[in-house]
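Engineer: Take a look and give me a structure for this.
(chains A and B)
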Amino acid sequence: MPGFRLPRGGSRVDRTRPLRFSFDGAGIPGFAGDTIASALIAAGHTTVARSFKYHRPRGVFSAGSEEPSALVTLGRRGSVEPNAKATIIEAANGLVVRSQNAWPSVEHDLNAVNGWFSPFIAAGFYYKTFMGPGRRGWRLYEPSIRRAAGLGKASFAPDPDRTERAHAFCDVLVVGGGPAGISAALAAGQSGARVILCDENPVVGGALDLEDAIGEENANDWLFRATSALNALDNVRQLTRVSVYGYYDDNVLGAVERVAPADDAKTRQRHWRIEAKHVVLATGALERPFVFPGNDTPGVMLAGAALAYARRHGAAVGRNLVVFTNNDEGWRRAAALARSGVAVRAVVDPRREAPSTLAAELAETGAESLPGHVVTAISGRTALSSIRVEAFDLETNKASGAARGLRCDGLAVAAGWNPLIHLASQAGGPPEYDEAIHAFVPGTAREKWIAAGSMRGVFDAAAVAADGERAGAEAARACGFKADAAGKAPSITGADNLLPLFEIPAKGKAFVDLQNDVTASDVRLAQREGFESVEHLKRYTTLGMAADQGKTSNLNGLAILAKERGLPVPEVGTTRFRPPYNPVSLGALVGRARGAHLQPLRRTPLHDWHVKAGAEMMNVGLWQRPRVYARPGETVEQAYVREAKAVRTSVGITDVSTLGKIDVQGPDAATFLDRVYTNTFSTLPVGKARYGLMLRDDGFLFDDGTTWRLTENRYLMTTTTANAGPVMEHLEVLLAIAWPDLKVSLASVTDQWAGVAVAGPKSRDLLQKALDGIDVGDEGLPFMGVRTGRCAGVEAIVARLSFSGERAYEVYSGSNHALIVWEKLLEAGKEFSVEPYGLEALGALRIEKGHVTGAEINGRATVHDLGLQKMFSTKKHFVGRPLALRPALTDAGRKQLVGLKSLDGKPILGGAHLVAGAEAKEPGRSEGHVTAMCFSPRLDIYIALALLERGHVRHGETLYAADPLRGTHGPVEVVDPCFIDKDGSRMHG
Amino acid sequence: MLIPCPVCGLRDHGEFVYGGDATRLRPLISSDNAERWAAYVYDRRNPRGPHEEYWQHVHGCRQFMVVTRNTETHDISAVRLVGPWALRESG
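Structural biologist: Okay, here's the model as predicted:
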């Protein structure tokens, strides 16, 4: 158990606030400011996870979001969050943390036998194995392979936490709060620009706390000075714990904030959409590891991470470290580790000579310098116990074989830096390889950003700060602020005498991508099998496709591929960079738009009355409408049959306020309506209404409704509820683009008018009592007539229209007056036993009459299909006419509207298919489908409307309504869609 | 993507509704030519590069405009209002 808590130190922890969380049931002590990883290290844990394929023991590898190995599952108030990175999750009292992908425990995982099968489960194995016997063989293997796949297990419980969505706007956005970002934010902020500075970490400072000096100044002093200056600027907003994941068009960036538990108990994440005039990318660089056998053993980690745990959390990763590096900074970090209280026994470096001053400094601590050597093997399975070191010949690139063992409990690797070019590449051209640092730097910008600091290859701390200042000033100037030109941009000078050695040639499993268990031999296998391009390498081996997105593995993989192909690395290139930089949960993107808040809820002005009256409300699109007003003990069917019978025998009222309504005015209104409807409206007299059909440009039926002529130049158009918006859009487009010369104004008045349908033989008598100033007699208000008057003192427009097939009227009033009118109608109707009726009854009544709705106007039906060809004017031009006359749209074989009567007393299910086969097992082909169904109150049987091939000529046939999914197959008779009162005498009365 | 509405200024594209290729010529209402109508309804050039297209600022001024957008880069190089208000503007 190598790790321990140092007696002092830890810039991010507060030792006065101890806490305790559990890991796999065991209590782990820590302090406020610890991450799960730092606390586990300090508590001496080595193995914290098992790898994806081979179930190899894994420990903490890094100290940030690039972590490939230490993924854990967090318990969350009844739910869980799998695949959380232990290196960034902050420890909290009582947090329940579990390891993943291991059984029975992470220390002893039986699945590790997978490792024995490794030759058979190398990269791409699933393309070559598990085939047969026969075609059904895969069905045997698939469930087991599925169970074995994945790391953490997701929960099916609803997410108990809240996510907010926030928007921010600024002049200059600085991404990254290290020395470059801080300097940029200061320079831009001091010019007066509105600045936002974002950093992934809980505090700004970046990798500066791993340095001792910045230029001539002590690093901590510089940081204190700079952050104090930054805090004093009101126009600079610092967002910490915020990871910018995506750079989109027009300088719009997406970010996710891990809300600090102390700030808000319920809100866990905050999604940010940031619009910036200019962006400074100061995202830093990541340390990269060597690829060598056993490099995934717990105890092997990045040198910068080992130092970070010591300095930030006071956690020592071991008592006896070896540092393995190919550059001078690795030596500096070894010395820094030793000074922090983490003993370093040796530094292994393939370069021929060790940097002299650094080696001397280390020698004083007792560390051995081993230049000209490499690590070729690791001992220890669940924890590192020793390494094998061999002399390395630079000429031949081979280890000599003269090996010695070094006992150690930690191996800190430092093989170079990879600038974090992700955002730059999302918003710019492909990255460019820089030979001086043997890494990729940003390409040309496509959006308005400037790169600064180590993300563009500048590594010296003072140069980084100067680069940030320059970039911040340049960004501020680009926004129109005055910021002094701060000197030339520092050039890329190289990375501490780095030797470009990526892989150590030696026998044994050497891992490139730790999270997806991709080895160096997998990369070579891919190349041998012809997957030579870097994009193919990625997908074939899955290198770089895990939650860490290959941050510590991509370049190493490329380098190995390049060597195999005999090409320089830049010619191999990188894979394309796409957002998100880090995984973003769906919850972060959804925010509060869940459940009831997913869409707006629309209620009619009579909503409260319906609810109080005991109506069962249902969602129809965005609207809430009453389905039935069931009495105690009534089923839905019993309720709507009763309501519909009331309408057919006496009178009922229903809320039709949701119908779309459009006010059409202007000297060209009549011309306009003639062009958009299939029938004529210019001939409609004032004070009359007409049913109209609207086509799309492609000739298919779009919508139906009634339009009322209120005055010479003013019409009130109604549409179906669902198409209110689309019809408005259709009309607006025509007026704006097709016919801008027409003098017509449109206004959507759906919400302004409430509507009540009063239907039944006693409807006229009811209205006679309820209305003032209107003669509702048959001469005063004939069929399809429109009159204005008053109801209970408020203005009302009344039209005699029928959807139900009975004598009926529609009473429109201002929506604020809806309740007054409704209650007056109920009162006036008491003597006629008036009943309110809901959507089911409305549907049953219209099905009995064969009136079409959106179920039949389904976008694939034509006017002729629905038997409405009488409304297709031959005397004028209208939208959709030329293409409606295409042969295919008038073909006699098309699906046409018919009625169906159930022959076995059972309901005919909506959506059932009409087939000729009497047996459910042999239905034959589908000849049509059921669009709507109900129990007919008038006929006392189950009926339906359907679209059936050649339906117009097949009345009298017996077919079967087949619904294999719901298990029904019943005989039906094809009939005329108008089941009752075909001559319409009840309507026209 | 941000669209510079001539009436409201630079707004996010989520405030607009896309209206398709603006270079199509809609036949006159009096035209009975089914081939011309079919070409208008169904045929699209789908160019790579600058594309003139309609957008309506539904969550703003509700005006229609023709936007020249590069289909590769989403760069918007030109915007002009169309419809009766545009006619009025140009006198």
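
Engineer: which bits of chain B sit near chain A?
Structural biologist: Selection of chain B residues close to chain A by Cβ under 8 Å from any Cβ of the partner chain yields B:1-2, B:12, B:17, B:19, B:26-27, B:29-34, B:37-38, B:40-42, B:54, B:56, B:62-64, B:73-74, B:82-84, B:86-87. All C-beta atoms are positioned from the backbone trio N, CA, C, and that covers glycine.

Engineer: State the number of residues packed around residue 24.
Structural biologist: No chain was given, so I picked chain A. A count of nearby residues for A:Asp24, using other Cβ atoms under 10 Å in any protein chain shown, gives 16.

Engineer: ah, no, chain B please
Structural biologist: Neighbour tally, B:Arg24, other Cβ under 10 Å: 16.

Engineer: and it, what is it in contact with?
Structural biologist: By Cβ atoms under 8 Å, 6 or more residues apart in numbering or on different chains, B:Arg24 lies in contact with B:Tyr40, B:Arg44.

Engineer: out of everything not next to it in sequence, what's closest to residue 11?
Structural biologist: Went with chain A since none was named. Nearest residue to A:Ser11, sequence neighbours excluded (Cβ to Cβ, 6 or more residues apart in numbering or on different chains): A:Arg312, at 5.4 Å.

Engineer: that's the wrong chain, I meant chain B
Structural biologist: Spatial nearest neighbour of B:Arg11, chain neighbours left out: B:Cys5 (5.5 Å); criterion: Cβ to Cβ, 6+ apart.

Engineer: So that neighbour is in contact with B:His59, correct?
Structural biologist: No. If you go by Cβ atoms under 8 Å, B:Cys5 and B:His59 don't touch, sitting 10.4 Å apart.

Engineer: any common contacting residues for the two?
Structural biologist: By the contact definition Cβ under 8 Å, 6+ apart, B:Cys5 and B:His59 are jointly contacted by B:Phe16.

Engineer: So which of these two has more stuff around it?
Structural biologist: Using other Cβ under 10 Å, the more surrounded residue of B:Cys5 and B:His59 is B:Cys5, with 20 against 13.

Engineer: The more buried one: what's it in contact with?
Structural biologist: B:Cys5 makes contacts with B:Arg11, B:Phe16, B:His57, B:Gly60, B:Cys61, B:Gln63, B:Met65, B:Val79, as judged by Cβ under 8 Å, 6+ apart.

Engineer: burial measure for the fifth one, as a count.
Structural biologist: So that's B:Cys61. Per other Cβ under 10 Å, the neighbour tally for B:Cys61 reads 17.

Engineer: With the second one instead?
Structural biologist: Neighbour count for B:Phe16, taken as other Cβ under 10 Å: 21.

Engineer: any idea how far the closest residue to it other than its chain neighbours lies from chain A?
Structural biologist: Excluding the flanking residues, the one nearest B:Phe16 by Cβ to Cβ, 6+ apart is B:Trp55, at 4.5 Å. Distance of B:Trp55 to chain A, given as Cβ to the nearest Cβ, to the nearest Å: 11 Å.

Engineer: Kindly confirm whether my reading is correct that B:Trp55 touches B:Thr68.
Structural biologist: No. Using Cβ under 8 Å as the test, B:Trp55 is too far from B:Thr68 to be in contact (10.9 Å).

Engineer: between the two, who's got more neighbours?
Structural biologist: Just comparing B:Trp55 and B:Thr68: by other Cβ under 10 Å the higher neighbour count belongs to B:Trp55, 23 against 15.

Engineer: Let me see the contact set for the closest residue to chain A within chain B.
Structural biologist: Distance from chain A to each residue of chain B (Cβ to the nearest Cβ) is smallest for B:Gly83, at 3.5 Å. When contacts are counted by Cβ under 8 Å, 6+ apart, B:Gly83 touches A:Leu735, A:Ala736, A:Ile737, A:Pro740, B:Gln63, B:Phe64.

Engineer: Equivalent analysis for A:Trp623, please.
Structural biologist: A:Arg602, A:Arg603, A:Thr604, A:Thr658, A:Thr721.

Engineer: try it again with 6 Å
Structural biologist: By Cβ atoms under 6 Å, 6 or more residues apart in numbering or on different chains, the contact set of A:Trp623 is A:Arg602, A:Thr658.

Engineer: same question, A:Val686
Structural biologist: By Cβ under 6 Å, 6+ apart, A:Val686 lies in contact with A:Arg709, A:Thr711.
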